[in-house]
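Participant: what follows is a predicted structure for the sequence shown.
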Amino acid sequence: MKSIELNTGKVIGEGAPCYIIAEIGINHNGSIDIAKKLIDEAVNARVDAVKFQKRTPEVCVPRDQWEIMRDTPWGRMSYIDYKRKTEFGAVEFSIIDQYCKERGMDWFVSAWDVESVDFMEQFETPLYKLASASLTDFELIERILKTGRPLMISTGMSTQNEIVETVRFILDFDPEYPLSIAHATSAYPCKPEELNLNMIHTLKTMFPNHPIGYSGHETGLATTVAAVAMGATFVERHFTLDRAMWGSDHAASVEPQGLSRLVKDIRDVETASGDGVKKVYDSEVGQMKKLRKHISAEYNK
């Protein structure tokens, strides 16, 4: 299964264009208007999908952190209230679902807990993402597997043995499960010397039957483009309207102009990759006749 066809008709994997994901995450800051502006900019950049995050705050926030006070754009409030404030519910995700359908944009989420998967099933999104932090959460993984929807896992903050164990768990559930695997380093932003892009080759060798991609948290675009040149069949970058906005993920995100440039550069790399068969292009023949003393008979006309 080197490629996975989604219920939107798009394909992730070998032989298909790189599936480019703009990770909105929680960069909407709890505002549906900001979320819609981000979707608009993603459409303008011609990415394939936008991704959000879905959590049940009461499950994901440790109980001893609930009452820690925090300064926020809405005033000083407890951490649990802040997480509730930034979490989208049924109304907001229904708006997002309709808006993305109108704009022809795939959308899905990283689900952080079982309750969030139960919640998301009403939207029939094309896949689920498993965040690096959840790679060893087998209860959550099993709940996602029971939906039958394609699963994309990130491998940051994980050992190679943990990655193997998780993939084995998924394939024990179903040897043909539509699984894709993203190399990642969970530092925000990540230093170039810790990106370790050669892990893309390693994962391709370890899991030759599954699409391998890259989830990047670096600043700049070149290394994400390089990941595609190295064989990533999908890429994901955090996306924001303005890196100076309030919130934890904005600083390590790409702004709209950068996202457009990233998509263009990735598509240029794909076009430039060719088929690997050496040929003499028509554009070269003139130079050949001008600069070579000995020319093959087929061109010496």
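Facilitator: Cool, got the structure.
Participant: any stretches of this protein with poor pLDDT?
Facilitator: Within the chain, the stretches with pLDDT under 70 are 1, 244, 246-249, 300-301.
Participant: any figure for the gap between the spatially most central residue of it and residue 157?
Facilitator: The chain has residue 236 as the residue nearest its centroid, 2.8 Å off, counting by C-alpha atoms, centre = their mean. Here the criterion is C-beta to C-beta, to the nearest Å. By it, residue 236 lies 16 Å from residue 157. Placement of C-beta: from N, CA and C, glycine included.
Participant: surely residue 213 is within a strand?
Facilitator: Yes: per DSSP: H, G, I helix; E, B strand; the rest coil, residue 213 lies within a strand segment.
Participant: where along the stretch 151-300 of the chain do the strands fall?
Facilitator: Along the stretch 151-300 of the chain, counting by DSSP state E, counting those that start in this stretch, strands occupy 151-154, 179-184, 212-216, 234-238.
Participant: most tightly packed of the ones you listed?
Facilitator: Highest mean neighbour count among the strands of the stretch 151-300 of the chain (mean count of other C-beta atoms under 10 Å): strand 212-216, with a mean of 28.
Participant: list the helices and strands it packs on?
Facilitator: Contacts defined by 3 or more C-beta pairs under 8 Å, 6 or more residues apart in numbering; DSSP states H and E place strand 212-216 against strand 179-184, helix 199-206, helix 222-229, strand 234-238.
Participant: thought residue 270 was touching residue 17?
Facilitator: Yes: between residue 270 and residue 17 a contact is recorded at 6.1 Å, counting by C-beta atoms under 8 Å.
Participant: of all the helices and strands packed on strand 212-216, which one is nearest residue 257?
Facilitator: strand 234-238 (13.3 Å; C-beta to C-beta).
Participant: ok so, going back, okay, the strands of the stretch 151-300 of the chain in CSV with distance to residue 295 next?
Facilitator: Listed next are those as CSV, based on distance: least, C-beta to C-beta, whole Å:
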stretch, distance to residue 295
strand 151-154, 51
strand 179-184, 46
strand 212-216, 43
strand 234-238, 43
